[in-house]
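1. What would the 3D arrangement of this be:
(2 chains)
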Amino acid sequence: MRTRTARRLLGALAVVSALALTATACGSDASDGAGGGPKDIEAALEKGGKVTVWAWEPTLKKVAEDFEKKYPKVDVELVNAGTGDKQYTALQNAIAAGSGAPDVAQVEYYALGQFAIGESVEDLSSYGAQKYGTSFTLGPWNAVTDGKAIHALPMDSGPMAFFYNKQVFDKHGINVPTTWDEYVEAARALHKADPKIFITNDTGDAGATTSLIWQAGGRPYKTNGTAVTVNFGDEGTKTFTATWQKLLDEKLVAPISSWSDAWYKGLADGSIATLSIGAWMPANLTSGVASASGDWRVAPLPQWTKGAKVSAENGGSSLAVPKASKNKELAYAFTEFVTTGAGASARVAEGAFPATSADLESPAFLDAPFPYFGGQKANQIFAESARNVGVDWNYLPYQVYANSVFNDTAGKAYVSPTKLSDGLKAWQDASVKYGKDQGFTVNQ
Amino acid sequence: MTTSLATTASTTSPAPAAAPAVPAAPAAGRRKRRPHTPLNPRPSIPLTVVTGLVLVYTLLPLAWLLVNATKDQNGLLDSFGLWFAEDTHFWDNITRTLTYDDGVFVRWLLNTLLYVAAGAGGATVLAVLGGYALAKYEFPGRRAVFAVVLGAVAVPGTALAVPTFLMFSNMGLTNTPWAVIIPSLISPFGLYLMWVFAAEAVPTELLEAARIDGAGELRTFFTIALPLLMPGTVTVLLFSMVATWNNYFLPLIMIKDPDWYPLTLGLNAWNAQAQTAGGEAVFDLIITGSLLTIVPIVAVFLLLQRFWQSGLAAGSVKE
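-> The predicted structure follows:
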């Protein structure tokens, strides 16, 4: 109860700040937009100084140390200012307040639009970032660019894969599904064989839902500057709801929220038998569910049409340089160091999933065995998924808000007789209303 | 509810009910109807059962916390929640909690102690001084102060959080310890409590006698009023300490730098770690950390509770 009130109030705070944001963006100093050439960046690195980085990603610690070793005059201060939307609220507030904003901030792809449209992050193309256009895989690069503008550099990506508990599947003699229809069949068979086992958990997760719609070919969001379209009535969305509605009607998904301790428990004891999730998941399984080591395997994501090879992204984040940064050249140098070249490879070695093509194609990466998955070379599946991500996906410029009301709207389908399609329509209505209130031109 | 109570009563009542019955037994032999007084209360079975249930309800989370602080991450996921896992990791968990992430937990503990010492301590000093002044001095505007204080008691702290944040942000104080300490200094409830307490506990005649004997106002306050105010002071101190120790929302919006987190925010940050891609789930450390977090506050409560009890009762009976 207390956290809910707290969240509401934080939300209110974010709105207040968002209103103030436009004013701040206009009133920023004249040096903006000039950017720094390679020489300025070199000079800044020579001169040294302090870079404050807001990020929660654990492998950054190692890379920050490497950076400090390479540039001894630069002091990197890593601050965990909260995870996901907590960090975005804090960032939005700091930008609005005009003080306390970091020099570099970790921003997930779905949230980047919000900061880009508020013009609160630097366009990195003026620092020469366009030369990396071909170094990153297509999905993440599309997510950080808008026309010629580059709002951030991709740090990691989350091409989706199918994680399943092989022990549970073998015990009940069930085949690993390759299509979503087979997935529903497997869900029925598993639950019938042992009522304690569910094919997966789902209590309504905006990120997972949009990712599966993405894979099914749905493109509910279209953005063009401040003109936005929200439409959950397209064919791809219908494909998704038709299948998921079956799972909900027959109560084949566990009513457990992802990331809760019950979820970790379910993954450990086999009562949650599969996950369709981003390629970053192995690190979480290895550290969080160590006792199930050897039980799990990875397979390509089930397909909506038999024989197809379409995937989608789930999660993944970038590093952006807020306009409010006090030392943008240094901030860009750090961002570049982390996301490309040696920094990116160092992060992969620490267990992060790369967004860089070179790392995704390196034999060392592809052939690395995962002891957790019984020695399986899982990266081959992830890398293929990264190549097959469906194109032209857009998030809303206010996706953080939209995701925050998912459970109040679409989430009803998970806890009441409301149909998922009606729930998504309610989500659409809420997103449209908010967008109009914020001054966007919104079509349905 | 009543039926379930009745059945529980019949099965579990003998043990607790027997205890008070023993001393009453010899008296019952001599006089048939001895009136029940507050010192010799009538044993009530339903009341005993209800109290017992409340006791279990209160102690169960604590027992859960103790049991689960002995498990590691695997044990937490694999074993039954209310009983021990196969192997015990209690000391290991405590060491890991204190050393994880370069010992940041110790830093959070020190921060919390700072906020409690400066915030709750300061709030108590201000409340005692203010309450005494309002109770014992006549000055214009006293009634207005009374209205403001009563009004302030009614405003929940969370409602003030956003305006407070914007104000502190303008002053450039967010993300510093001051942003937590300064708002904690204001305790309308403490002031009101001290005011009422001072009015009852410090006889005005005593102060007049001191003044006639030539004592200055400060001396009168420190040598005569302050000792009399002790029970009330401890009460206010205890309330402010618990409030500051548990404070979550104020530091949440004010502080972004983990180096200045209090324990509440720190533990929450560890919890959030389990919810991110690549983050390490450390539920074992969170549980052990929670246990360590409540130890000081339990100790303070036990040490100060006798003062606290006399403080709450003060003023209830006219002598």
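2. can we go C-alpha only for contacts and neighbour counts from here?
-> Noted.
3. is it true that A:V184 touches A:D249?
-> No. Using C-alpha atoms under 8 Å, A:V184 is not in contact with A:D249, being 11.5 Å away.
4. Same drill for the two, tell me which one is more crowded.
-> Ranked by neighbour count (other C-alpha atoms under 10 Å in any protein chain shown), A:V184 and A:D249 place A:V184 first, with 19 against 13.
5. That one belongs to a strand, doesn't it?
-> No. Counting by DSSP: H, G, I helix; E, B strand; the rest coil, A:V184 is not part of a strand but helix.
6. pLDDT at it, what is it?
-> A:V184 is assigned 96 on the pLDDT scale.
7. Could you do A:L21 as well?
-> Confidence at A:L21, expressed as pLDDT, is 41.
8. sec struct for the closest residue to A:D422 other than its chain neighbours, please.
-> Leaving out its chain neighbours, the residue that sits closest to A:D422 by C-alpha to C-alpha, 6 or more residues apart in numbering or on different chains is A:A410, at 7.5 Å. The local conformation at A:A410, judged by three-state DSSP, is coil.
9. A:A410 reaches A:A426, doesn't it?
-> Yes. Taking C-alpha under 8 Å as the definition, A:A410 is a contact partner of A:A426 at 6.5 Å.
10. Looking only at neighbour counts, state which of the two leads.
-> For A:A410 versus A:A426, the count of surrounding residues by other C-alpha under 10 Å is larger for A:A410: 25 against 20.
11. Pull out the buried positions in the helix or strand hosting A:T243.
-> Assigned by DSSP states H and E, A:T243 falls within helix A:235-249. In terms of neighbour count (16 or more other C-alpha atoms under 10 Å in any protein chain shown), helix A:235-249 has its buried residues at A:236-241, A:244-245, A:247-248.
12. go on, stretch A:49-63?
-> Residues of stretch A:49-63 classed as buried by neighbour count (16+ other C-alpha under 10 Å): A:51-61, A:63.
13. Likewise for stretch A:169-187?
-> Buried residues in stretch A:169-187, counted by 16+ other C-alpha under 10 Å: A:169, A:174, A:176-187.
14. Turn those residues into CSV, columns for distance to A:L366.
-> As requested, the buried residues of stretch A:169-187 are exported to CSV (distance: C-alpha to C-alpha, whole Å):
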residue, distance to A:L366
A:F169, 26
A:I174, 28
A:V176, 22
A:P177, 24
A:T178, 22
A:T179, 25
A:W180, 27
A:D181, 30
A:E182, 28
A:Y183, 27
A:V184, 31
A:E185, 32
A:A186, 29
A:A187, 31
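15. Go through these and say which is closest to chain B.
-> A:F169 (19.9 Å; C-alpha to the nearest C-alpha).
16. Model confidence for the closest one, exactly?
-> On the pLDDT scale, A:F169 is placed at 96.
17. for it, what are its contacts?
-> The contact partners of A:F169, by C-alpha atoms under 8 Å, 6 or more residues apart in numbering or on different chains, come to A:175-176, A:190, A:273.
18. List just the nearest of the residues you listed to chain B.
-> Nearest member of the contacts of A:F169 to chain B, counting by C-alpha to the nearest C-alpha, is A:A273, at 15.4 Å.
19. What separation do you get for that closest one and A:L252?
-> 11 Å (C-alpha to C-alpha, to the nearest Å).
20. Can you list the low-confidence ranges for chain A?
-> Applying pLDDT under 70 to chain A flags the ranges A:1-36.
21. how far does the helix or strand where B:L206 lies sit from the chain's center?
-> Taking DSSP H and E as the definition, B:L206 sits inside helix B:204-212. Its chain's C-alpha centre and that of helix B:204-212 lie 35 Å apart, by C-alpha atoms, centre = their mean, to the nearest Å.
22. same deal with stretch A:423-439?
-> With C-alpha atoms, centre = their mean, you get 21 Å for stretch A:423-439.
23. In that stretch, which residues are buried?
-> Buried, per 16+ other C-alpha under 10 Å, within stretch A:423-439: A:423-432, A:434-435.
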